[in-house]
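A.B. asks: coords below, sequence missing:
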Ligand code: AMP
Ligand code: TRP
């Protein structure tokens, strides 16, 4: 079976953008690939974070992933910092990665703008560590949301550069981006949903909490009154229907919005129902796992051991290829 790798940062609550863009597909792909999923804590160091709660965020990220359906029997789930080969390979990749390519990365430019007082070198070489994550396992497929495509393209470039200099060792991995939900927008309908912008709906949020966020969410701004017709094509609530609702509901919303058959509140109520149908079973499993912290720790420990075995084997090849012992 071909190998697949993906990662998520333990930088805050996991939101429905992470779920639709990434985790939901990870679950679907578990049957087709040998899957390796990683909580990338070293990547999260590039932003300001609260040190005492880091362990809790890592543990929670693992718990939510398992609750979403990541099955530790069929996939490896582990924490990046538990396999030191990631940073070792990243260093070697630093020496074949052009500065110019890194300077072009959209995420680097955005994060630098958001965080002018902390533009650290780690933020700059972040995609090199990401390339190391993926290539350490010689993964051929990387399921991610749209915002990560550029980083996977860079990973292919790193693989090519390494192979050209030191011999064919790494595959050029493909990104797998879902048809719906690859770029979930925040409740303002304008910026991408993200942990840092606080415009998100968390996967573990209750029925009431989710409604509090959906109720004031921006829709088609040209639709001012209930009797105005709307345009689903420019409405974020409609995009979310496509990510969460059954086809029948999506069709109804599409049709009825255009003739003012339903209002925005009706439409949001339907979305709320679809979302909770997806989220509540996840929340139940997450609550059960919260009672079994040792089980989650054990899953991560076993995951690190299995990932570590692959990582050690790759690094033996890499060391030999680059001429060190
Ligand atoms: P991060 O939280 O930045 O570690 O992202 C983890 C995964 O979620 C990556 O595959 C991202 O592409 C994906 N992701 C993050 N935000 C969104 C979003 N708003 N819509 C779709 N996918 C997303
Ligand atoms: N950079 C990714 C993000 O923020 C997280 C990540 C780190 C990742 N390493 C990875 C994703 C390897 C896929 C593969 O979303």
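C.D. replies: Sure thing, it's come through. Here the structure is a predicted model, which is why all the values come from computation and not from measurement. Residues are numbered from 1 along each chain as shown. Ligands and ions are numbered 1, 2, ... in the order given.

A.B. asks: so what's the closest residue to residue 185 other than its chain neighbours scoring on pLDDT?
C.D. replies: Leaving aside its sequence neighbours, residue 185 sits nearest to residue 236 (Cβ to Cβ, 6 or more residues apart in numbering; 5.0 Å). Backbone N, C-alpha and C define where each C-beta goes, glycine included. Looking at residue 236, its pLDDT is 98.

A.B. asks: ok, now which ones touch residue 236?
C.D. replies: Neighbouring residues of residue 236 by Cβ atoms under 8 Å, 6 or more residues apart in numbering: 185, 187, 189, 217, 218, 219.

A.B. asks: Looks like the first one contacts residue 192 (just checking).
C.D. replies: Translated: residue 185. Yes - the criterion here is Cβ atoms under 8 Å, and residue 185 meets it with residue 192 at 6.2 Å.

A.B. asks: The residue in the chain that ligand 1 sits nearest to: what secondary structure?
C.D. replies: Residue nearest to ligand 1 within the chain: residue 21 (1.9 Å; Cβ to the nearest ligand atom). Classification of residue 21 using DSSP: H, G, I helix; E, B strand; the rest coil returns helix.

A.B. asks: Let me see the contact set for it.
C.D. replies: Per Cβ under 8 Å, 6+ apart, neighbours of residue 21: 144, 145, 146, 147, 177, 178, 181, 182, 183, 184.

A.B. asks: you'd agree residue 94 is up against residue 124?
C.D. replies: No - under the criterion of Cβ under 8 Å, residue 94 makes no contact with residue 124, lying 10.2 Å away.

A.B. asks: do stretch 184-191 and ligand 1 meet?
C.D. replies: Yes - for a cut-off given as Cβ under 6 Å from any ligand atom, stretch 184-191 has contacts with ligand 1, namely residue 184.

A.B. asks: State the number of residues packed around whichever residue of the stretch 201-325 of the chain sits closest to ligand 2.
C.D. replies: Going by Cβ to the nearest ligand atom, ligand 2 is nearest to residue 307 of the stretch 201-325 of the chain, at 12.6 Å. Other residues lying near residue 307 total 25 when counted by other Cβ atoms under 10 Å.

A.B. asks: now swap in the one 10 residues further on and tell me
C.D. replies: Burial of residue 317, expressed as a neighbour count using other Cβ under 10 Å, amounts to 14.

A.B. asks: what kind of secondary structure is the residue of the stretch 151-300 of the chain found nearest ligand 2 in?
C.D. replies: The nearest approach of the stretch 151-300 of the chain to ligand 2 comes at residue 151, 5.8 Å away (Cβ to the nearest ligand atom). Under three-state DSSP, residue 151 falls in the helix class.

A.B. asks: contacting residues around it?
C.D. replies: So residue 151 contacts 105, 107, 127, 130, 131, 144 (Cβ under 8 Å, 6+ apart).

A.B. asks: Check what pLDDT residue 198 gets.
C.D. replies: At residue 198, pLDDT is 86.

A.B. asks: Ok, the one 3 residues further on next?
C.D. replies: Looking at residue 201, its pLDDT reads 98.
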